[in-house]
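1. A predicted structure for the sequence below; I have some questions about it.
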Amino acid sequence: MRRMRSVKVVATLGPASETYDVIRGLFEAGADVFRLNMSHGSHDEIREKHQTIRDIERDTGRPIGILADLQGPKLRCGVFANEDGEELVEGASFRFDLDEAEGDATRVCLPHKEIFDALEVGSTLLVNDGKIRLKVTECGEDYATCEVIVGGMISNRKGVNVPDVVLPLAALSEKDRADLEFVCELGVDWLALSFVQRPEDVLEARDLAKGRATLISKIEKPAAVKSFDDILEVSDGIMVARGDLGVELPVSQVPPIQKRLVRRCRHVGKPVIVATQMMESMITAPVPTRAEVSDVAAAIYEGADAVMLSAESAAGDYPIEAVQTMNNVAEEVEVDPTFRQIIEASRSASRNSVAEAITVAAREVAETTDIKAICCFTHSGTTAMLAARERPQVPIIGLTPLAKTARRMTLVWGLHSVLTSEVGRFKMAVVSAARAARNYGFAQDDDKVVVTAGVPFNQPGSTNILRVAPVQEKLIFGSEDD
């Protein structure tokens, strides 16, 4: 199933998308990667969805990526004597403390001592997705007295954000650690880490994952934005999680942050997902708003590797329509001449290794001659991702003998993953590339493709050969031995 676009679509599974028929419908509509949200559902439910995806993969003959999204440390207030909650009025005083007694209009428990350890006078506390804003006027080791800056209703277990403080929280809760081990054993391809604040958070998860899954850091806190380059260096990919970013930062700052982060990821050749509220109106409506379409298009024009649906596909009334709409928007954007102008103007000029030079040359050859596809043989996926970093005008076929590599490449811009047998000679690699290009509709017999590979084979990072090859096998075998 060849996609007629380069950007990838990530669809979150949930109550609206848990059966074989619906998940297959999402895949056929355009979903390349499925997200399993570990904040919702038991391990048995997650295992069942995972198996369904693998069944669809088997039945369609196409690699499908699976991304498990860890919940991360959730900060929530306690409960109130009044089950309906309390109204906080602007200018009033309100206190958070460690007292587990039910709250009232003057105080409530905040069962996170680490917050009080980090707070200072003047710090900001946000409640209920930023709808309520408080400023700390006095604080100690077990309390914080605040002035209500923006009032509203506060009720049981509402989320609390602390935007201007790096909290001394463990990167992974006990639940996260259990979930991480479960999904790694299950065999997911990507692991998303929530509320990353520092590179050490990623390194801790990497030690636990032990190479069983590649790591995506979700950028959703101001501290992560400030430390982004260090976090990017130790991550395999990035998710720009705009929901919490828009709570903890002024919403006007989110678009330029998104652009900067996408550009940095493209520069180093690591996949980046733009996520949150992309087509939120489609939770209840069969068509998105024009503003949402423009939002999706903006991420595609920036060159993001993937755009993501959350509640739209997980709990909405129109999950398949949401994926189809996102697919259609992507196809329209990518045939716009302005899209190519923007992509080429923002391309990195980095050529620091032989493999990078080979992939740059592959793109230049493909774009200056009549080449139909760039075919990359890869074990780890690194070579194919370097080719994707170039954002070439022609499709990229990533050929690998490893199912886990093929699945991971489904998240990367422009990559069409193909499972192939092990090859020991470059001639056979060319034959496999030509067959894949023809079988998946990228080229005809009289066309040519660019083939890159590393000799000796089966050694990650050894890309050192580029060849322009005919698709017709008899022409390949009619040439001199390699």
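-> Great, that's in hand.

2. which element is residue 387 on?
-> Using DSSP states H and E, residue 387 maps to helix 382-389.

3. Report all helices and strands that the helix or strand following that helix contacts.
-> Moving toward the C-terminus from helix 382-389, the next helix or strand (DSSP H and E) is strand 396-400. Packing partners of strand 396-400 (3 or more C-beta pairs under 8 Å, 6 or more residues apart in numbering; DSSP states H and E): strand 371-377, helix 382-389, helix 403-408, strand 415-419, helix 426-439. No exception for glycine: its C-beta is placed from N, CA and C like everyone else's.

4. Provide the contact partners of the last one at residue level.
-> Spelled out, that is helix 426-439. By C-beta atoms under 8 Å, 6 or more residues apart in numbering, the residues outside helix 426-439 that reach it are 372-373, 375, 377, 397, 399, 418, 420-421, 423, 442-445, 447, 449, 451, 453, 455, 457, 465, 467, 469-473, 476-477, 481-482.

5. ok, now with 7 Å
-> Identification of contacts with helix 426-439 by C-beta atoms under 7 Å, 6 or more residues apart in numbering yields 372-373, 375, 377, 397, 399, 418, 420, 423, 443, 445, 449, 451, 453, 455, 465, 467, 469, 471, 473, 476, 481-482.

6. Low-confidence stretches in the stretch 351-482 of the chain?
-> Applying pLDDT under 70 to the stretch 351-482 of the chain flags residues 351, 458-461, 473-482.

7. returning to what we had before: among the contacts of helix 426-439, the buried ones, what's the ChimeraX command?
-> In ChimeraX, a selection of the buried entries from the contacts of helix 426-439 looks like this (16 or more other C-beta atoms under 10 Å):
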select :372,373,375,377,397,399,418,420,423,443,449,451,453,465,467,469,471,476
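
8. I'd assumed residue 274 was in contact with residue 304.
-> Yes - Residue 304 lies in contact with residue 274 (C-beta atoms under 7 Å); the separation is 4.7 Å.

9. Wait, a helix at residue 292?
-> Yes - with DSSP: H, G, I helix; E, B strand; the rest coil as the criterion, residue 292 is assigned to a helix.

10. So what's the residue count around it?
-> 20 (other C-beta atoms under 10 Å).

11. Please tell me the pLDDT value assigned to the nearest residue to it once chain neighbours are set aside.
-> Distances taken as C-beta to C-beta, 6 or more residues apart in numbering put residue 279 closest to residue 292, at 4.8 Å, once the chain neighbours are dropped. With respect to pLDDT, residue 279 scores 97.

12. How about the contacts made by residue 314?
-> 12, 13, 14, 16, 17, 37.

13. What of residue 321?
-> 282, 286.

14. thinking again about what came up before, and the residue nearest to residue 292, how far from residue 309?
-> In this view, residue 279 and residue 309 are 7 Å apart by C-beta to C-beta, to the nearest Å.

15. So for those two, which residues contact both of them?
-> 322, 326.

16. Could you export whatever helix or strand residue 331 lives in as CSV, CA atoms only?
-> Per DSSP H and E: residue 331 is located in helix 319-334. C-alpha atoms of helix 319-334 as CSV (Å, rounded to 0.1, in the frame of the first residue of the first chain):
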residue,chain,number,x,y,z
PRO,A,319,-12.0,8.2,13.6
ILE,A,320,-11.5,6.9,10.0
GLU,A,321,-12.7,10.2,8.5
ALA,A,322,-10.2,12.1,10.7
VAL,A,323,-7.3,10.0,9.3
GLN,A,324,-8.6,10.3,5.7
THR,A,325,-8.9,14.0,6.1
MET,A,326,-5.3,14.3,7.4
ASN,A,327,-4.2,12.1,4.5
ASN,A,328,-5.9,14.3,2.0
VAL,A,329,-4.5,17.5,3.5
ALA,A,330,-1.0,16.0,3.3
GLU,A,331,-1.4,15.0,-0.3
GLU,A,332,-2.6,18.4,-1.3
VAL,A,333,0.2,20.3,0.5
GLU,A,334,2.9,18.1,-0.9
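
17. Tell me the buried residues in it?
-> Residues 319-327, 329-331, 333-334 are the ones in helix 319-334 that count as buried (16+ other C-beta under 10 Å).

18. same question, stretch 232-244
-> For stretch 232-244, by 16+ other C-beta under 10 Å, it's 232, 234, 235, 236, 237, 238, 239, 240, 241, 242, 244.

19. first to last residue in it, what's the distance?
-> This stretch, stretch 232-244, spans 19 Å end to end (C-alpha to C-alpha, to the nearest Å).

20. what's next to it, contact-wise?
-> Stretch 232-244 is contacted from outside by 190, 192, 199, 202-203, 214-221, 254, 258, 261-262, 264-265, 268, 270-277, using C-beta under 7 Å, 6+ apart.

21. Can you flag the buried ones in these?
-> Among those, those classed as buried by neighbour count (16+ other C-beta under 10 Å) are 190, 192, 199, 202, 214-221, 254, 258, 261-262, 264-265, 268, 270-277.

22. got the domain boundaries for the protein?
-> Domain ranges of the chain: 8-72+172-336, 86-161, 354-477, per automatic domain parsing.

23. Export the ones you listed to a markdown table and append columns for distance to residue 342.
-> Shown next, in a markdown table, are the domains of the chain (distance: least, C-beta to C-beta, whole Å):
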| stretch | distance to residue 342 |
| --- | --- |
| domain 8-72+172-336 | 5 |
| domain 86-161 | 32 |
| domain 354-477 | 10 |
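
24. now this protein, which segments are flagged as low pLDDT?
-> Applying pLDDT under 70 to the chain flags residues 350-351, 458-461, 473-482.

25. most centrally placed residue in it?
-> Centroid-nearest residue in the chain: residue 273, 3.7 Å away (criterion: C-alpha atoms, centre = their mean).

26. for that one, helix, strand, or coil?
-> Going by three-state DSSP: residue 273 is strand.

27. measure it to residue 285 for me?
-> Following C-beta to C-beta, the distance that separates residue 273 from residue 285 is 24 Å.

28. Could you list which residues are in contact with residue 208?
-> Residue 208 is in contact with 177, 180, counting by C-beta under 7 Å, 6+ apart.

29. got the contact list for residue 375?
-> Counted by C-beta under 7 Å, 6+ apart, residue 375 has contacts 397, 399, 433, 436, 437, 449, 450, 451.

30. Can you mark which positions in stretch 364-379 are buried?
-> Of the residues in stretch 364-379, those buried (16+ other C-beta under 10 Å) are 365, 366, 371, 372, 373, 374, 375, 376, 377, 378, 379.

31. all helices of the stretch 201-350 of the chain, in order?
-> 222-226, 228-234, 242-248, 254-268, 290-301, 311-314, 319-334, 337-345 (DSSP state H, counting those that start in this stretch).

32. Could you say which one of the ones you listed comes nearest to residue 28?
-> Residue 28 lies closest to helix 319-334 among these, at 8.5 Å (C-beta to C-beta).

33. distance between the closest one and the chain's centre?
-> Averaging C-alpha positions (C-alpha atoms, centre = their mean, to the nearest Å) puts helix 319-334 17 Å from its chain's average.
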